[in-house]
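Asker: Mind folding the following:
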Amino acid sequence: MRNYEVTFIVDPTLSSDEIKSAAKKYVDTVKGAGKIVHIDEMGLRQLAYPIKRRNTGIYYCVEFEVENGEVIPGLELAMTRDDAILRFLSVRLDKHGVKYNEDKRAGKIGKIVKKKKKEEEPQNKRKGKPRGNSNNNKRKSNDNSSAAKPKAPDTEAKA
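Answerer: Residues are numbered from 1 along each chain as shown. Predicted structure coming up:
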């Protein structure tokens, strides 16, 4: 058995019934050819760039197993001709892709784990003095002429 994954984007301007029927049509096509492993309805998402003057789309991802890949060209042809589908991508999954999808469904991947906060250590042991170069440490000079011109060395020689 070969593993495949088809991701497609449905036009969001359609009614909810039309969106569901468009997705169901392609899911049924895959069911007739093989076994569906997982259907992920990702919902409405922002597109990276406009497609057919749309900025959002409804994403579906169908992972399935078939004996051979003969169903893929017919599925892609039907999606190309369908105006409800903005984009699609068919991918054959290798063993690493199948393992990744299984781990993702099991919650091992993509889970956000919050780290415990460490006890805050004092950043400065010397209180009142900031570390590093700071504008506060520089001396301010009232005499602008001496700051702008370097002092000339004494030309008188000591005798």
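Asker: so where do the helices sit in the protein?
Answerer: In the chain, helices defined by DSSP state H lie at 16-33, 71-81, 95-106, 144-148, listed in chain order.
Asker: now those helices as JSON lines including mean neighbour count and mean pLDDT?
Answerer: For glycine as for every other residue, the C-beta is placed from the backbone atoms N, C-alpha and C. Below are these laid out as JSON lines (neighbours: other C-beta atoms under 10 Å; pLDDT from 0 to 100):
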{"stretch": "helix 16-33", "mean neighbour count": "15", "mean pLDDT": "93"}
{"stretch": "helix 71-81", "mean neighbour count": "14", "mean pLDDT": "94"}
{"stretch": "helix 95-106", "mean neighbour count": "13", "mean pLDDT": "92"}
{"stretch": "helix 144-148", "mean neighbour count": "9", "mean pLDDT": "55"}
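Asker: Reformat those as CSV; add distance to Lys52.
Answerer: Formatted as CSV, the entries for those read as follows, by distance: least, C-beta to C-beta, whole Å:
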stretch, distance to Lys52
helix 16-33, 15
helix 71-81, 13
helix 95-106, 29
helix 144-148, 65
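Asker: Ok, which of those comes nearest Asp40?
Answerer: Distances from Asp40 to each of the helices of the chain were compared using C-beta to C-beta; the shortest belongs to helix 95-106, at 8.7 Å.
Asker: Val10 is nearest to which of the helices of the chain?
Answerer: Closest to Val10 of those is helix 16-33 (C-beta to C-beta; 5.2 Å).
Asker: Report the angle between that closest one and helix 71-81.
Answerer: For helix 16-33 against helix 71-81, the angle between stretch directions is 160 degrees (axes from the mean of the first three to the mean of the last three C-alpha atoms, to 10 degrees).
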